[in-house]
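> return a 3D structure for these sequence lines:
(chains A and B)
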Amino acid sequence: MEIKKPAAAGTLESSDAQVMIEPGDGKIELSLQSSVMNQYGRQIRATILETLERLDVTSAKLTVVDKGALDCTLKARVECAVFRSCDASEANIPWGGAVR
Amino acid sequence: MVSEISPRSARAQKQVDALLEREGIRRDRNLDYTCGVYDDDGALIATGSSFGSTLRCFAVSDGHRGEGLLNEVVSHLLERQFARGCSHSFLYTKPESARFFSDLGFSEVARAERAVFMENRRGGFASYCAGLQKTPAGKTAAIVMNANPFTRGHRYLVEKAAGENDFVHLFVLSEEAGPIPFAVRRRLVRDGVADLPNVVLHDSGPYIISSATFPSYFLRDDDDAIRTQAALDVSVFGGIARALGVTRRYVGDEPTSHVTSLYNEVMAARLPELGVDCTVVPRMEADGRVVSASTVRQAIHDDALDTVADMLPESTYRYFASPEAAHVVQAIRAMDEAKHY
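So this is what the prediction gives:
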(Lines give C-alpha, C1' and ligand atoms only; values in the text may rest on other atoms or scores of the structure.)
Protein backbone atom coordinates (compact mmCIF):
# COMPACT_ATOMS: atom_id res chain seq x y z
CA MET A 1 0.00 0.00 0.00
CA GLU A 2 1.19 3.44 -0.81
CA ILE A 3 1.06 6.16 1.84
CA LYS A 4 -0.57 9.10 0.10
CA LYS A 5 -1.21 11.65 2.83
CA PRO A 6 -0.51 12.16 6.53
CA ALA A 7 -2.85 10.29 8.82
CA ALA A 8 -3.08 9.39 12.48
CA ALA A 9 -4.79 6.79 14.61
CA GLY A 10 -4.96 6.07 18.29
CA THR A 11 -4.71 8.23 21.38
CA LEU A 12 -2.20 9.14 24.06
CA GLU A 13 -4.22 7.51 26.78
CA SER A 14 -2.84 4.75 28.93
CA SER A 15 -2.72 1.32 27.22
CA ASP A 16 -3.06 2.92 23.80
CA ALA A 17 -0.63 4.26 21.23
CA GLN A 18 -0.75 7.19 18.86
CA VAL A 19 0.45 6.37 15.36
CA MET A 20 1.17 9.12 12.86
CA ILE A 21 2.12 8.17 9.35
CA GLU A 22 3.36 10.32 6.45
CA PRO A 23 4.62 9.66 2.94
CA GLY A 24 8.25 8.56 3.05
CA ASP A 25 11.18 8.62 0.70
CA GLY A 26 11.66 5.01 -0.27
CA LYS A 27 12.20 3.49 3.16
CA ILE A 28 10.52 3.05 6.52
CA GLU A 29 11.55 5.66 9.07
CA LEU A 30 10.22 4.83 12.50
CA SER A 31 10.46 7.19 15.43
CA LEU A 32 9.26 5.38 18.53
CA GLN A 33 8.67 6.76 21.99
CA SER A 34 7.27 4.50 24.66
CA SER A 35 6.56 4.62 28.37
CA VAL A 36 7.81 1.02 28.51
CA MET A 37 10.74 1.44 26.14
CA ASN A 38 13.24 -0.30 28.39
CA GLN A 39 11.04 -3.36 28.90
CA TYR A 40 9.34 -3.78 25.51
CA GLY A 41 10.95 -1.38 23.04
CA ARG A 42 12.26 -4.09 20.75
CA GLN A 43 9.00 -6.03 20.78
CA ILE A 44 6.98 -2.89 19.98
CA ARG A 45 9.28 -1.95 17.12
CA ALA A 46 9.09 -5.47 15.68
CA THR A 47 5.28 -5.50 15.88
CA ILE A 48 5.01 -2.17 14.06
CA LEU A 49 7.44 -3.13 11.31
CA GLU A 50 5.79 -6.52 10.87
CA THR A 51 2.38 -4.91 10.48
CA LEU A 52 3.72 -2.51 7.85
CA GLU A 53 5.33 -5.36 5.99
CA ARG A 54 2.10 -7.33 6.01
CA LEU A 55 0.31 -4.30 4.54
CA ASP A 56 3.05 -4.03 1.93
CA VAL A 57 4.06 -0.53 3.02
CA THR A 58 7.67 0.06 2.03
CA SER A 59 7.98 3.82 2.14
CA ALA A 60 6.70 5.83 5.10
CA LYS A 61 7.62 8.10 7.97
CA LEU A 62 6.09 6.80 11.14
CA THR A 63 5.91 8.42 14.54
CA VAL A 64 4.59 6.25 17.34
CA VAL A 65 3.99 7.46 20.87
CA ASP A 66 3.23 4.34 22.86
CA LYS A 67 1.57 4.39 26.26
CA GLY A 68 1.86 0.70 27.03
CA ALA A 69 -0.39 -0.68 24.26
CA LEU A 70 -0.70 -4.44 23.83
CA ASP A 71 0.48 -5.96 20.54
CA CYS A 72 -3.06 -6.30 19.19
CA THR A 73 -3.74 -2.63 19.94
CA LEU A 74 -0.54 -1.56 18.22
CA LYS A 75 -1.40 -3.61 15.15
CA ALA A 76 -4.90 -2.16 15.00
CA ARG A 77 -3.61 1.41 15.33
CA VAL A 78 -0.93 0.97 12.67
CA GLU A 79 -3.40 -0.66 10.27
CA CYS A 80 -5.94 2.08 10.84
CA ALA A 81 -3.38 4.84 10.24
CA VAL A 82 -2.23 3.17 7.01
CA PHE A 83 -5.80 2.74 5.72
CA ARG A 84 -6.62 6.34 6.53
CA SER A 85 -3.50 7.55 4.78
CA CYS A 86 -4.56 5.97 1.51
CA ASP A 87 -8.30 6.50 1.91
CA ALA A 88 -8.90 2.75 2.15
CA SER A 89 -10.92 3.25 5.33
CA GLU A 90 -13.70 4.92 3.33
CA ALA A 91 -14.86 1.79 1.56
CA ASN A 92 -12.42 -0.94 0.78
CA ILE A 93 -10.63 -2.21 3.84
CA PRO A 94 -9.08 -5.44 2.57
CA TRP A 95 -10.68 -7.74 5.15
CA GLY A 96 -9.09 -11.13 5.02
CA GLY A 97 -6.64 -9.89 2.43
CA ALA A 98 -3.66 -7.97 3.63
CA VAL A 99 -5.26 -7.88 7.08
CA ARG A 100 -5.08 -11.13 8.94
CA MET B 1 -14.88 12.24 27.28
CA VAL B 2 -13.53 15.28 25.47
CA SER B 3 -16.03 17.57 23.78
CA GLU B 4 -15.87 20.73 21.74
CA ILE B 5 -16.61 24.00 23.49
CA SER B 6 -18.45 26.36 21.22
CA PRO B 7 -17.17 29.92 21.01
CA ARG B 8 -20.79 31.05 20.99
CA SER B 9 -21.67 29.47 24.32
CA ALA B 10 -21.00 32.28 26.78
CA ARG B 11 -21.53 30.03 29.78
CA ALA B 12 -19.04 27.40 28.61
CA GLN B 13 -16.50 30.04 27.67
CA LYS B 14 -16.81 31.55 31.13
CA GLN B 15 -15.99 28.15 32.61
CA VAL B 16 -12.91 27.95 30.42
CA ASP B 17 -11.81 31.42 31.54
CA ALA B 18 -12.34 30.53 35.18
CA LEU B 19 -10.37 27.28 34.89
CA LEU B 20 -7.47 28.96 33.10
CA GLU B 21 -7.41 31.74 35.65
CA ARG B 22 -7.38 29.29 38.56
CA GLU B 23 -4.40 27.52 37.02
CA GLY B 24 -2.59 30.79 36.34
CA ILE B 25 -2.70 30.63 32.55
CA ARG B 26 -3.29 33.63 30.37
CA ARG B 27 -6.00 33.03 27.83
CA ASP B 28 -4.81 33.66 24.30
CA ARG B 29 -6.82 36.22 22.45
CA ASN B 30 -6.60 34.17 19.30
CA LEU B 31 -8.05 30.67 19.44
CA ASP B 32 -9.90 28.85 16.72
CA TYR B 33 -10.96 25.72 18.57
CA THR B 34 -11.47 24.88 22.22
CA CYS B 35 -12.33 21.57 23.84
CA GLY B 36 -12.78 20.36 27.37
CA VAL B 37 -13.62 17.55 29.77
CA TYR B 38 -16.51 17.82 32.25
CA ASP B 39 -17.07 15.94 35.49
CA ASP B 40 -20.39 14.32 36.46
CA ASP B 41 -21.72 17.58 37.83
CA GLY B 42 -21.06 19.46 34.61
CA ALA B 43 -18.03 21.34 35.92
CA LEU B 44 -15.17 21.85 33.50
CA ILE B 45 -12.10 19.98 34.75
CA ALA B 46 -9.70 20.12 31.80
CA THR B 47 -9.35 22.22 28.69
CA GLY B 48 -7.11 22.81 25.69
CA SER B 49 -7.31 24.90 22.51
CA SER B 50 -5.71 25.30 19.16
CA PHE B 51 -4.99 28.06 16.73
CA GLY B 52 -3.64 27.26 13.28
CA SER B 53 -0.87 24.72 13.78
CA THR B 54 -0.40 25.51 17.48
CA LEU B 55 -1.97 23.96 20.55
CA ARG B 56 -2.41 26.27 23.51
CA CYS B 57 -4.16 27.23 26.73
CA PHE B 58 -4.05 23.86 28.49
CA ALA B 59 -5.28 23.53 32.02
CA VAL B 60 -6.29 20.66 34.27
CA SER B 61 -8.22 21.38 37.44
CA ASP B 62 -6.26 21.03 40.63
CA GLY B 63 -8.38 18.19 42.03
CA HIS B 64 -8.09 16.08 38.90
CA ARG B 65 -4.36 15.82 38.36
CA GLY B 66 -2.94 12.40 37.61
CA GLU B 67 -6.06 11.13 35.85
CA GLY B 68 -4.57 11.39 32.39
CA LEU B 69 -6.90 14.22 31.39
CA LEU B 70 -4.16 16.16 29.60
CA ASN B 71 -3.46 13.08 27.48
CA GLU B 72 -7.10 12.92 26.44
CA VAL B 73 -7.23 16.60 25.58
CA VAL B 74 -3.98 16.50 23.57
CA SER B 75 -5.10 13.34 21.74
CA HIS B 76 -8.34 15.01 20.83
CA LEU B 77 -6.65 18.16 19.55
CA LEU B 78 -4.01 16.25 17.57
CA GLU B 79 -6.67 14.08 15.98
CA ARG B 80 -8.52 17.18 14.89
CA GLN B 81 -5.32 18.75 13.56
CA PHE B 82 -4.65 15.65 11.48
CA ALA B 83 -8.22 15.55 10.26
CA ARG B 84 -7.80 18.99 8.77
CA GLY B 85 -4.48 18.07 7.20
CA CYS B 86 -2.09 19.62 9.67
CA SER B 87 0.41 16.98 10.79
CA HIS B 88 3.07 19.27 12.23
CA SER B 89 1.84 20.80 15.48
CA PHE B 90 3.50 23.20 17.87
CA LEU B 91 2.82 24.35 21.39
CA TYR B 92 4.16 26.62 24.08
CA THR B 93 4.04 25.80 27.70
CA LYS B 94 5.53 26.84 31.01
CA PRO B 95 8.99 25.32 31.59
CA GLU B 96 7.69 23.31 34.56
CA SER B 97 5.02 21.66 32.37
CA ALA B 98 7.30 20.79 29.48
CA ARG B 99 7.95 17.27 30.76
CA PHE B 100 4.25 16.36 30.55
CA PHE B 101 4.23 17.25 26.90
CA SER B 102 7.49 15.49 26.18
CA ASP B 103 5.78 12.33 27.49
CA LEU B 104 3.13 12.94 24.85
CA GLY B 105 5.57 12.90 21.97
CA PHE B 106 6.47 16.58 21.87
CA SER B 107 10.07 17.66 21.74
CA GLU B 108 11.63 20.95 22.65
CA VAL B 109 12.63 23.40 19.93
CA ALA B 110 13.65 26.35 22.07
CA ARG B 111 13.11 27.89 25.46
CA ALA B 112 13.08 31.31 27.05
CA GLU B 113 12.76 31.87 30.78
CA ARG B 114 8.98 31.83 30.88
CA ALA B 115 8.06 29.55 28.02
CA VAL B 116 9.12 26.44 26.14
CA PHE B 117 8.33 25.98 22.46
CA MET B 118 7.72 22.39 21.38
CA GLU B 119 6.79 20.44 18.25
CA ASN B 120 5.25 17.01 17.76
CA ARG B 121 8.03 15.79 15.51
CA ARG B 122 11.24 14.55 16.97
CA GLY B 123 14.19 16.15 15.24
CA GLY B 124 11.93 18.41 13.16
CA PHE B 125 13.91 21.53 13.90
CA ALA B 126 17.26 19.76 13.48
CA SER B 127 16.24 18.52 10.05
CA TYR B 128 15.03 22.01 9.06
CA CYS B 129 18.47 23.38 10.03
CA ALA B 130 20.25 20.57 8.20
CA GLY B 131 18.19 21.27 5.07
CA LEU B 132 19.19 24.94 4.84
CA GLN B 133 21.67 25.87 2.14
CA LYS B 134 25.04 26.45 3.83
CA THR B 135 27.80 28.87 2.87
CA PRO B 136 31.57 28.36 3.21
CA ALA B 137 33.31 29.67 6.33
CA GLY B 138 33.58 33.44 6.50
CA LYS B 139 31.93 36.44 8.03
CA THR B 140 28.26 35.54 7.81
CA ALA B 141 25.19 37.64 8.51
CA ALA B 142 21.45 37.07 8.43
CA ILE B 143 18.41 39.20 7.72
CA VAL B 144 14.78 38.26 8.22
CA MET B 145 12.23 40.26 6.30
CA ASN B 146 8.59 40.19 5.50
CA ALA B 147 9.20 42.33 2.40
CA ASN B 148 5.57 43.24 2.11
CA PRO B 149 6.49 44.37 -0.58
CA PHE B 150 10.23 44.68 -1.21
CA THR B 151 11.25 48.37 -1.14
CA ARG B 152 14.46 50.29 -1.63
CA GLY B 153 14.69 50.31 2.17
CA HIS B 154 14.96 46.50 2.16
CA ARG B 155 17.43 46.70 -0.69
CA TYR B 156 19.52 49.19 1.28
CA LEU B 157 19.60 46.86 4.29
CA VAL B 158 20.62 43.84 2.20
CA GLU B 159 23.22 45.84 0.30
CA LYS B 160 24.76 47.09 3.51
CA ALA B 161 24.94 43.59 4.99
CA ALA B 162 26.30 42.15 1.72
CA GLY B 163 28.99 44.84 1.64
CA GLU B 164 30.10 44.30 5.23
CA ASN B 165 30.08 40.48 5.23
CA ASP B 166 31.27 37.56 3.13
CA PHE B 167 27.83 35.94 3.05
CA VAL B 168 24.28 36.99 3.85
CA HIS B 169 21.43 34.59 4.58
CA LEU B 170 18.20 36.32 3.70
CA PHE B 171 15.01 34.80 5.13
CA VAL B 172 11.69 35.83 3.62
CA LEU B 173 8.68 35.17 5.87
CA SER B 174 6.76 32.36 4.26
CA GLU B 175 3.60 32.82 6.32
CA GLU B 176 0.67 33.98 4.23
CA ALA B 177 -0.59 36.88 6.28
CA GLY B 178 -1.55 39.72 4.00
CA PRO B 179 -2.87 40.69 0.63
CA ILE B 180 0.49 40.14 -1.10
CA PRO B 181 1.06 36.37 -1.50
CA PHE B 182 4.33 34.80 -0.39
CA ALA B 183 5.19 33.75 -3.95
CA VAL B 184 5.04 37.38 -5.06
CA ARG B 185 6.96 38.73 -2.06
CA ARG B 186 9.63 36.11 -2.58
CA ARG B 187 9.89 36.81 -6.29
CA LEU B 188 10.25 40.56 -5.74
CA VAL B 189 13.00 39.93 -3.19
CA ARG B 190 14.76 37.53 -5.55
CA ASP B 191 14.61 40.01 -8.43
CA GLY B 192 15.63 42.84 -6.15
CA VAL B 193 18.83 41.18 -4.90
CA ALA B 194 19.70 39.17 -8.02
CA ASP B 195 22.87 41.22 -8.60
CA LEU B 196 24.30 40.47 -5.13
CA PRO B 197 26.16 37.15 -5.52
CA ASN B 198 26.87 36.59 -1.81
CA VAL B 199 23.20 36.64 -0.75
CA VAL B 200 21.48 33.29 -0.15
CA LEU B 201 17.69 33.34 -0.15
CA HIS B 202 15.70 31.10 2.24
CA ASP B 203 12.05 30.56 3.06
CA SER B 204 11.53 31.18 6.74
CA GLY B 205 9.40 28.05 7.12
CA PRO B 206 7.55 27.26 10.33
CA TYR B 207 10.35 28.30 12.68
CA ILE B 208 11.12 32.00 12.08
CA ILE B 209 8.36 34.52 12.83
CA SER B 210 5.61 32.15 11.77
CA SER B 211 2.14 32.04 13.21
CA ALA B 212 3.46 29.08 15.21
CA THR B 213 6.46 30.75 16.84
CA PHE B 214 5.18 34.29 16.89
CA PRO B 215 1.39 34.52 16.53
CA SER B 216 1.24 38.05 17.94
CA TYR B 217 3.28 39.29 15.00
CA PHE B 218 0.25 38.68 12.82
CA LEU B 219 -2.61 39.20 15.23
CA ARG B 220 -3.06 41.86 17.85
CA ASP B 221 -2.03 40.84 21.34
CA ASP B 222 -0.76 42.49 24.50
CA ASP B 223 2.85 43.53 25.05
CA ASP B 224 3.64 40.79 27.53
CA ALA B 225 2.66 38.09 25.06
CA ILE B 226 4.58 39.81 22.28
CA ARG B 227 7.73 39.95 24.42
CA THR B 228 7.53 36.29 25.46
CA GLN B 229 6.94 35.13 21.90
CA ALA B 230 9.68 37.39 20.57
CA ALA B 231 12.10 35.92 23.12
CA LEU B 232 11.21 32.41 21.95
CA ASP B 233 11.56 33.40 18.32
CA VAL B 234 15.01 34.85 18.99
CA SER B 235 16.00 31.70 20.81
CA VAL B 236 14.87 29.58 17.80
CA PHE B 237 16.83 31.92 15.55
CA GLY B 238 19.87 31.23 17.74
CA GLY B 239 19.67 27.58 16.70
CA ILE B 240 19.47 28.50 13.03
CA ALA B 241 22.36 30.96 13.41
CA ARG B 242 24.50 28.19 14.91
CA ALA B 243 23.67 25.85 12.04
CA LEU B 244 24.59 28.46 9.43
CA GLY B 245 27.56 30.03 11.23
CA VAL B 246 25.75 33.39 11.39
CA THR B 247 27.37 35.87 13.76
CA ARG B 248 25.47 38.99 12.88
CA ARG B 249 21.85 39.91 12.29
CA TYR B 250 20.82 43.10 10.54
CA VAL B 251 17.49 44.69 11.35
CA GLY B 252 15.90 47.83 10.08
CA ASP B 253 14.93 50.22 12.82
CA GLU B 254 11.18 50.45 13.19
CA PRO B 255 9.52 53.74 14.00
CA THR B 256 5.95 52.94 12.93
CA SER B 257 5.06 49.34 13.80
CA HIS B 258 4.54 48.65 17.48
CA VAL B 259 5.08 44.90 17.32
CA THR B 260 8.24 45.12 15.22
CA SER B 261 9.79 47.71 17.50
CA LEU B 262 9.13 45.50 20.54
CA TYR B 263 10.64 42.60 18.62
CA ASN B 264 13.73 44.66 17.78
CA GLU B 265 14.06 45.61 21.43
CA VAL B 266 14.00 41.95 22.51
CA MET B 267 16.48 41.05 19.77
CA ALA B 268 18.93 43.74 20.77
CA ALA B 269 18.86 42.46 24.34
CA ARG B 270 19.06 38.73 23.63
CA LEU B 271 20.96 38.10 20.43
CA PRO B 272 24.36 38.94 21.97
CA GLU B 273 23.77 36.22 24.61
CA LEU B 274 23.50 33.76 21.71
CA GLY B 275 26.72 34.93 20.13
CA VAL B 276 25.04 37.02 17.43
CA ASP B 277 25.63 40.74 17.05
CA CYS B 278 22.52 42.76 16.39
CA THR B 279 23.05 45.66 14.03
CA VAL B 280 20.16 48.09 13.87
CA VAL B 281 20.24 50.05 10.64
CA PRO B 282 18.39 53.38 10.54
CA ARG B 283 15.63 53.68 7.98
CA MET B 284 16.48 54.93 4.57
CA GLU B 285 14.79 58.16 3.59
CA ALA B 286 13.61 59.26 0.17
CA ASP B 287 12.74 62.92 -0.27
CA GLY B 288 12.60 63.45 3.46
CA ARG B 289 10.12 60.57 3.91
CA VAL B 290 11.01 57.32 5.64
CA VAL B 291 10.92 54.41 3.19
CA SER B 292 8.49 51.86 4.51
CA ALA B 293 6.52 48.98 3.06
CA SER B 294 3.37 50.07 4.87
CA THR B 295 3.56 53.50 3.21
CA VAL B 296 3.86 51.69 -0.10
CA ARG B 297 0.85 49.50 0.68
CA GLN B 298 -1.11 52.56 1.72
CA ALA B 299 -0.22 54.25 -1.58
CA ILE B 300 -1.32 51.18 -3.55
CA HIS B 301 -4.46 51.13 -1.45
CA ASP B 302 -5.14 54.77 -2.38
CA ASP B 303 -4.36 54.12 -6.04
CA ALA B 304 -1.32 56.42 -5.89
CA LEU B 305 1.57 54.10 -6.81
CA ASP B 306 3.48 56.91 -8.47
CA THR B 307 3.75 58.88 -5.22
CA VAL B 308 5.99 56.11 -3.83
CA ALA B 309 7.91 55.34 -7.01
CA ASP B 310 11.08 56.67 -5.40
CA MET B 311 10.71 54.10 -2.58
CA LEU B 312 10.63 51.09 -4.89
CA PRO B 313 13.39 49.27 -6.73
CA GLU B 314 12.67 49.02 -10.41
CA SER B 315 11.62 45.37 -10.26
CA THR B 316 8.98 46.02 -7.59
CA TYR B 317 7.62 49.11 -9.33
CA ARG B 318 7.42 47.27 -12.63
CA TYR B 319 5.51 44.44 -11.00
CA PHE B 320 2.88 46.65 -9.38
CA ALA B 321 2.45 48.74 -12.51
CA SER B 322 1.92 45.62 -14.64
CA PRO B 323 -1.46 44.01 -15.31
CA GLU B 324 -0.10 40.83 -13.73
CA ALA B 325 -0.40 42.48 -10.31
CA ALA B 326 -4.06 43.38 -10.80
CA HIS B 327 -5.46 40.83 -8.33
CA VAL B 328 -2.87 41.69 -5.67
CA VAL B 329 -3.61 45.41 -6.03
CA GLN B 330 -7.29 44.57 -5.78
CA ALA B 331 -6.66 42.67 -2.53
CA ILE B 332 -4.69 45.59 -1.05
CA ARG B 333 -7.47 48.00 -1.97
CA ALA B 334 -10.01 45.76 -0.31
CA MET B 335 -8.24 46.11 3.05
CA ASP B 336 -9.44 48.60 5.65
CA GLU B 337 -6.03 49.39 6.93
CA ALA B 338 -2.75 48.71 5.16
CA LYS B 339 -0.43 49.35 8.10
CA HIS B 340 1.10 46.74 10.43
CA TYR B 341 -0.06 47.39 13.99
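
> write out the residues of chain A neighbouring chain B.
Neighbours of chain B within chain A, by Cβ under 8 Å from any Cβ of the partner chain: A:5-8, A:10-14, A:18, A:20, A:22, A:31, A:33, A:35, A:63, A:65, A:67. All C-beta spots, glycine's among them, are computed from the backbone N, C-alpha and C.

> now, which of those residues lie within strands?
Those of those mapping onto strands are A:Ala7, A:Ala8, A:Gln18, A:Met20, A:Glu22, A:Ser31, A:Gln33, A:Thr63, A:Val65, per DSSP state E.

> spatially, which two of those residues are the most separated?
A:Ala7 and A:Gln33 (18.5 Å; Cβ to Cβ).

> re the thing from before, quick one, which of the ones in strands among the residues of chain A next to chain B are buried?
For those, a burial check counting by 16 or more other Cβ atoms under 10 Å in any protein chain shown picks out A:Ala7, A:Ala8, A:Gln18, A:Met20, A:Glu22, A:Gln33, A:Thr63, A:Val65.

> mind putting those into CSV with pLDDT?
Below are those laid out as CSV (pLDDT from 0 to 100):
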residue, pLDDT
A:Ala7, 90
A:Ala8, 92
A:Gln18, 96
A:Met20, 94
A:Glu22, 92
A:Gln33, 95
A:Thr63, 94
A:Val65, 95
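
> just name the closest of the residues you listed to B:Ile208, please.
Among these, A:Glu22 lies closest to B:Ile208 (Cβ to Cβ), at 22.8 Å.

> centre of the chain versus the longest helix anywhere in chain B, how much separation?
In chain B, assigned by DSSP state H, the helix with the most residues is helix B:223-244. Centroid separation for helix B:223-244 versus its chain: 10 Å, with Cα atoms, centre = their mean, to the nearest Å.

> by contact count, what packs against it?
In terms of contacts (3 or more Cβ pairs under 8 Å, 6 or more residues apart in numbering or on different chains; DSSP states H and E), helix B:223-244 is packed against strand B:107-112, strand B:115-119, helix B:124-131, strand B:140-145, helix B:215-218, helix B:258-270.

> pairing partners for the first one, with directions?
Same thing as strand B:107-112. Sheet pairing here is set by DSSP bridges, and for strand B:107-112 it gives strand B:115-119 (antiparallel).

> which bits of chain B sit near chain A?
B:68, B:71-72, B:74-75, B:78-79, B:82, B:85, B:87, B:103-105, B:120-123.

> so of those, which ones are in helices?
Taking DSSP H, the ones among the residues of chain B next to chain A that sit in helices are B:Asn71, B:Glu72, B:Val74, B:Ser75, B:Leu78, B:Glu79, B:Phe82.

> how about the fifth one, what does it touch?
Right, B:Leu78. Residues near B:Leu78 by Cβ atoms under 8 Å, 6 or more residues apart in numbering or on different chains: A:Ala8, A:Leu12, A:Gln18, B:Leu55, B:Ser89, B:Asn120.

> let's see it at 7 Å
By Cβ atoms under 7 Å, 6 or more residues apart in numbering or on different chains, B:Leu78 lies in contact with A:Ala8, B:Ser89, B:Asn120.

> equivalent analysis for the last one, please.
Taking Cβ under 7 Å, 6+ apart, we find B:Phe82 in contact with A:Pro6, A:Ala7, A:Ala8.

> how about the residues you listed in JSON lines, adding distance to A:Glu53?
Formatted as JSON lines, the contacts of B:Phe82 follow (distance: Cβ to Cβ, whole Å):
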{"residue": "A:Pro6", "distance to A:Glu53": "21"}
{"residue": "A:Ala7", "distance to A:Glu53": "18"}
{"residue": "A:Ala8", "distance to A:Glu53": "21"}
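
> now list the buried members of the residues of chain B next to chain A.
Applying 16+ other Cβ under 10 Å to the residues of chain B next to chain A flags B:68, B:71-72, B:74-75, B:78-79, B:82, B:87, B:103-105, B:120-122 as buried.

> and the longest helix that chain A contains, what does it pack onto?
The longest helix of chain A (DSSP H) is helix A:37-54. Contacts defined by 3 or more Cβ pairs under 7 Å, 6 or more residues apart in numbering or on different chains; DSSP states H and E place helix A:37-54 against strand A:28-34, strand A:60-66, helix A:71-85.

> winner for burial among those?
Ranked by mean neighbour count, the helices and strands packed on helix A:37-54 are led by strand A:60-66 with a mean of 23 (mean count of other Cβ atoms under 10 Å in any protein chain shown).

> can you give me the offset of that strand from its chain's centre?
Centroid displacement of strand A:60-66 relative to its chain, using Cα atoms, centre = their mean, is 7 Å.

> need the ones in helices among the residues of chain B next to chain A in CSV (columns: distance to A:Thr58 and pLDDT).
Compiled in CSV, these are given as follows (distance: Cβ to Cβ, whole Å; pLDDT from 0 to 100):
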residue, distance to A:Thr58, pLDDT
B:Asn71, 32, 94
B:Glu72, 34, 95
B:Val74, 31, 96
B:Ser75, 29, 95
B:Leu78, 26, 94
B:Glu79, 26, 91
B:Phe82, 22, 89
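
> nearest to B:Ala46, of these?
Nearest to B:Ala46 among those: B:Glu72, at 7.4 Å, using Cβ to Cβ.

> tally of neighbours for the residue lying closest to the closest one once chain neighbours are set aside?
In this structure, B:Glu72 finds its nearest non-sequential neighbour in B:Val2, 5.3 Å apart by Cβ to Cβ, 6 or more residues apart in numbering or on different chains. The local packing of B:Val2 (other Cβ atoms under 10 Å in any protein chain shown) involves 21 other residues.

> ok, B:Val2 to B:Leu70 distance?
Per Cβ to Cβ, to the nearest Å, B:Val2 is found 11 Å from B:Leu70.
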